[in-house]
Every structure is written in structure tokens, then in C-alpha cells.
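Q: Make a model of this:
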Amino acid sequence: MVKIVKCALAAVLASLPAAAFAAWELNMPVGVTELSRRIHALHMLILWVCVVIAIAVFGVMIYSIVKFRRSQGAVPANFDHSTRAEIVWTVIPIVILVAMAVPAAATLVRIEDTRNSDLTVQVTGYQWRWHYKYLDRNVEFFSSLARESDAARQLGSGVDPKTVKNYLLDVDHPLVVPAGKKVRILLTAGDVIHAWWVPAFGMKKDAIPGFVNEMWFRADQVGIYRGQCAELCGRDHGFMPVVVDVRSQEDFDSWLKTQQDAIKTATAAE
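A: All right, here's what the predicted structure looks like:
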């Protein structure tokens, strides 16, 4: 029977494409920000605490089932309860929960600490795009689904989505930020509830009309990081990606000046 199960499992695994395993991860990603690393470390700590508890509990259960089974002549105890046992199994979980709460609370405090930011961006969600406004920098723009993805998603377009790079995860104007700098996000919405989410940053918060949420991140690595609206915000919810372009400080300053000059030129032309 065991051999049959092994053969069947091997056949199923062999039939699956290699790409399915390439895109599959067992654990949550570490990310590229300080907060994502803290969250991952907390996740692993709690995971191993749970593993140890599970091994201890199930170990005692299995030992008791095997050692004191009826066929071995085990005699049931005749007591109703044990005050000592009740105290022990109440105190130990309390100690474990308090020990886990300390690093969890420290991480939550760090997540909510938006002080001393180097850059503040107001992010407003609309159906179905994002508006980015760099406060005190005189730069703002809308970020919408890239044209290639938008064309491919149309019914009867004749475009194979597999041929579109970063399908549904690309935009026309990404949020550009400098690497190694603390970026404060002021998050709100102009119509319904949205949620700004970039997995590599380890952060996600709701954008609520009439209310301003705060969050922050500090990306250590230059690169393009993609996310999505994580709140069911309407018919085109699945076509509202988030793209963050993390650049070096020099490249960011150059980009910012280009944007400011373009806005000045457009204003003067009016």
C-alpha cells in the first residue's frame, strides 16, 4: 500500500510543470525594508514557539496513548481534578503569551513610528488608479494600469496576456522614492475604500474616504517593487496595481527636478 501511494505521488509531481514550483514559496518572503525584516523575524519566532509547543503536546499525547492503552492493562485514575496540574497548565501558557507579546508589541510600535521621515507622499486611491503627491516638492501625478496590460485584458483583444511583461502589475507612472530614506505615506481615498499594498515592503493599509492613515517604509535596495490594491474596491479592483521605483539618491534628485521643471513649463504655458 505504501509503495502504491509513493508511486502515485511521484507520478503527480512529475506531471506538474517546473514553473509551478519555481513560483511557489513555502514561507513568507523576507522583503527589502527594515519593517519587513522585523515582521519576518517575529513570524519565525512565533512559528518555532508553536512548533515546540506542538511537539511537546502531541509527544505527551502519543506517549500516553501508547503507554497506557487498555491492552496493556492500564487502569483509569479515580480523581476528578488536580489543582497543581490546573495551576501549571494555566501559568505556563500565560508566561508563553507574555513572552511572545513583548517582541510583537515592540514591532507594532516601530511600525506606527512615522517620525523623522525624509520624504512624505500623499497617496489617494480612486476607482481605479492612484494619485501620488510629494508634499513640499510640488510634484504630483496619477498612476494607472499600463496600456499594454489594459489592452490585453479587454475581451476580444486577441492579445495573449502571457506575452505581456508584468501583466496587470505594471503602471504608466510608478511612485519613485530614494533608497535608504524613510518614506512616510499619508493614505486616503476619494471614493471607496482601497488598500495600498507592496509585499516586498511588508506593509499594507486601507485608504478610507475622509480619513488619513499613516505608514512608512525604508527600502534598502534599488529596484522595482510591485503590489496591488488589496481591498475589494469595485468592478476593476483587479486592475489597480501599485509599482514603486526605488532609486539611488542621485537618480531620485534628478527625476524630481525633471518632474518639477515639467510642471513649471506646463503652468507657464497655461
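
Q: what number of residues lie near Leu186?
A: Using other C-beta atoms under 10 Å, Leu186 is surrounded by 17 other residues. All C-beta spots, glycine's among them, are computed from the backbone N, C-alpha and C.

Q: For it, which non-adjacent residue is spatially closest?
A: Of all residues beyond its chain neighbours, the one nearest Leu186 is Gln122 (4.6 Å), with distances taken as C-beta to C-beta, 6 or more residues apart in numbering.

Q: quick one, what contacts the one you found?
A: For Gln122, the set of contacting residues under the criterion of C-beta atoms under 8 Å, 6 or more residues apart in numbering consists of 131-133, 135, 186, 188.

Q: Next, give phi and psi for it.
A: The main-chain torsion angles of Gln122 are listed as degrees, to the nearest 10 and equal phi -90, psi 120.

Q: ditto for the one 4 residues further on
A: With angles defined as degrees, to the nearest 10, Tyr126 shows backbone torsions of phi -130, psi 160.

Q: Give the bridge partners for it, please.
A: For Tyr126, the beta-bridge assignment (DSSP bridges) gives partners Arg129.

Q: Is it in contact with Ile193, as I believe?
A: No: applying C-beta atoms under 8 Å, one finds Tyr126 not in contact with Ile193, separated by 11.8 Å.

Q: hmm, back to that, strands - which of the contacts of Gln122 land there?
A: Judged by DSSP state E, those include 131-133, 186, 188 as members of strands.

Q: Now render those as TSV, adding distance to His40.
A: Listed next are the ones in strands among the contacts of Gln122 as TSV, based on distance: C-beta to C-beta, whole Å:
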residue	distance to His40
His131	31
Tyr132	27
Lys133	31
Leu186	26
Thr188	28
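
Q: Val243: neighbouring residues, count only.
A: With neighbours defined by other C-beta under 10 Å, the count for Val243 comes to 22.
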